[in-house]
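structure for this input, please:
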Amino acid sequence: MADAKNIRPVEIIRAPALRPGDKIGIIAPASSFNHEHFLVGCDRLRQMGYEPVYSQNIFERELYFAGTVERRAHEFHEFWRREDIAALICVRGGYGSNYLLEKLDYGMIAAHPKILLGCSDITSLLTAIHDRTGLTVFHGPMVAKDISDGTFDQLSWNNSLTGIADWDVPANGVEVLRAGTARGKLYGGCLSMLVASLGTPYEIQTEGCILFIEDIGEKPFRIDRMLMQLRLAGKLEKIRGFVFGEMLDCLPPKGETYTLQQVILRVLEPYNVPIVYGLKSGHVSSGNITLPIGVQAELKTGSSEASLQILESATITGAR
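Got it, this is the predicted structure:
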């Protein structure tokens with residue numbers, strides 16, 4: 001197992017691109033889940049031309065977890081080692097991914113690169129694995145939610161996972177909070193998980209990034225507090241641009257007239273970089289976008305329109 005404190009700059013690693021007929025390992029590294037939604041999600045993956053593979057012990061429960069941490073870590077390692085598995089997709093988030101961080105074999109993960117896809121609580125795994133290995137990972141739909149519902153964005157899924165270079169992230173309805181242009185590594189995820197990493201050996205590495213931030217059901221003052229914690233921890237000093245998610249149900253109390261956008265601009269006032277709001281990845285009302293974490297991207301904003309362009313492929317075609 002790799003030393004969790006051994007953070008160092010690494011070159012980007014890309015997994016082989018996803019192809020029709022590939023086997024996808026379904027893992028539950030965090031909370032337990034709805035059995036029916038799980039089976040519907042697996043059926044939808046089959047309809048898309050993939051072969052979902054999972055262990056029967058994925059249905060185990062311990063408190064609010066999908067089984068013991070030993071079960072969840074073993075499941076992750078088993079599927080990661082298997083040469084016939086092209087990707088690992090998480091069933092859901094919830095809570096519990098942080099238990100795996102000190103148990104993962106990061107050297108093995110780097111030696112056998114695969115696609116890893118999830119969001120919400122899975123942010124803990126995505127950022128830790130990318131920071132330690134350089135592996136491009138993916139923030140987006142999960143089996144028992146968006147894949148089960150059939151509400152995820154298919155274009156970004158294809159572009160992210162099948163080796164497409166130079167493509168535009170769907171940005172319809174994205175609101176420009178501050179105009180400008182920025183290039184940097186696309187990085188981030190669920191805000192509460194990013195903040196939870198601070199002060200641990202798995203602390204997020206944000207220098208030179210276009211930082212993607214999203215969350216659900218947090219009052220604006222809580223978003224303020226978490227952004228301030230990142231700011232006071234020095235994690236925003238060298239950010240090149242901010243991309244906020246839909247921020248679903250992050251509303252002020254009834255009767256208040258301020259907006260979350262106003263709160264964000266006040267906290268981020270010291271940083272003269274572009275800021276946009278409303279990109280649908282993670283906790284969204286519909287159309288969950290798959291974002292490749294770790295690749296170079298360009299954020300361009302005018303007075304009212306924004307674009308987020310992925311500048312390099314996140315996976316490698318013809319690698320298997």
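
count the residues that sit near Q262.
Around Q262 sit 13 other residues, with neighbours defined as other Cβ atoms under 10 Å. To be clear about C-beta, it is placed using only N, CA and C from the backbone, and glycine gets the same treatment.

again but with E269, I slipped
Under the neighbour criterion other Cβ under 10 Å, E269 is assigned a count of 9.

what does it show for phi and psi?
Recorded main-chain torsions at E269 are phi -50, psi -30, according to degrees, to the nearest 10.

quick one: it from R178, how far?
Counting by Cβ to Cβ, to the nearest Å, the separation of E269 from R178 is 9 Å.

what does L299 give?
With the distance defined as Cβ to Cβ, L299 ends up 11 Å from R178.

need the overlap of contacts for those two.
When Cβ atoms under 8 Å, 6 or more residues apart in numbering defines a contact, the residues bordering L299 and R178 alike are P274.

of these two, which one has the most company?
Between L299 and R178, counted using other Cβ under 10 Å, L299 has the larger neighbour count: 25 against 18.

give the other helices and strands that the helix or strand containing the more buried one contacts.
Here L299 sits within strand 296-301, counting by DSSP states H and E. Other helices and strands packing on strand 296-301, by 3 or more Cβ pairs under 8 Å, 6 or more residues apart in numbering; DSSP states H and E, are strand 180-190, strand 306-310.

tell me which strands the first one pairs with, and in which orientation.
Just to be clear, that refers to strand 180-190. On the basis of DSSP bridges, the sheet neighbours of strand 180-190 come out as strand 209-214 (parallel), strand 296-301 (antiparallel).

so where do the strands sit in the stretch 1-150 of the chain?
Taking DSSP state E, counting those that start in this stretch as the criterion, the stretch 1-150 of the chain carries its strands at 15-16, 23-27, 51-53, 85-90, 115-118, 137-139.

what do you get for the stretch 151-300 of the chain?
Per DSSP E, counting those that start in this stretch, the stretch 151-300 of the chain carries strands over the ranges 167-169, 175-178, 180-190, 209-214, 241-245, 275-279, 291-293, 296-301.

show me what contacts T317?
T317 makes contacts with 16-17, 162-163, as judged by Cβ under 8 Å, 6+ apart.

quick check: it vs G163, distance?
4 Å.

Q262 now?
Here Q262 is placed at a distance of 40 Å from G163 (Cβ to Cβ).

ditto for F242
In this structure, F242 and G163 are 28 Å apart, going by Cβ to Cβ.

do the same with S55
Separation of S55 from G163 (Cβ to Cβ): 28 Å.

the two: which is more packed in?
G163 (20 against 17).

give me the number of neighbouring residues for S304.
The local packing count at S304 equals 9, with neighbours defined by other Cβ under 10 Å.

quick check: it is in a strand.
No - under the criterion used here (DSSP: H, G, I helix; E, B strand; the rest coil), S304 is coil, not part of a strand.

how about the nearest residue to it, chain neighbours excluded?
Counting by Cβ to Cβ, 6 or more residues apart in numbering, the nearest residue to S304 once its immediate chain neighbours are dropped is V176, at 6.0 Å.

kindly report the same for F244.
Setting aside the residues directly before and after it, F244 is nearest to Y277 in space (Cβ to Cβ, 6+ apart), at 4.4 Å.

mind listing what the one you found touches?
Y277 makes contact with 174-177, 244, 247, 261, 264, according to Cβ under 8 Å, 6+ apart.

from these, which would you call buried?
174, 176-177, 244, 247, 261, 264 (16 or more other Cβ atoms under 10 Å).

looking at these, which one is closest to Y50?
V174 (29.8 Å; Cβ to Cβ).

circling back to that earlier point, may I see the buried ones among the contacts of Y277 organised as a markdown table, with pLDDT and distance to G188 added?
Conversion of the buried ones among the contacts of Y277 to a markdown table gives the following (pLDDT from 0 to 100; distance: Cβ to Cβ, whole Å):
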| residue | pLDDT | distance to G188 |
| --- | --- | --- |
| V174 | 96 | 15 |
| V176 | 97 | 18 |
| L177 | 97 | 16 |
| F244 | 98 | 10 |
| M247 | 98 | 13 |
| Q261 | 98 | 18 |
| I264 | 98 | 14 |
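
please identify the most buried of the strands of the stretch 1-150 of the chain.
Mean neighbour counts were compared across the strands of the stretch 1-150 of the chain using mean count of other Cβ atoms under 10 Å; the top stretch is strand 137-139, at a mean of 28.

point out where the stretch 1-150 of the chain drops to low pLDDT.
Low-confidence segments of the stretch 1-150 of the chain, defined by pLDDT under 70, span residues 1-10.

circling back: got the helices and strands packed on strand 296-301 as TSV, with mean neighbour count and mean pLDDT columns?
What follows is the helices and strands packed on strand 296-301, written out as TSV (neighbours: other Cβ atoms under 10 Å; pLDDT from 0 to 100):
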stretch	mean neighbour count	mean pLDDT
strand 180-190	22	98
strand 306-310	20	97
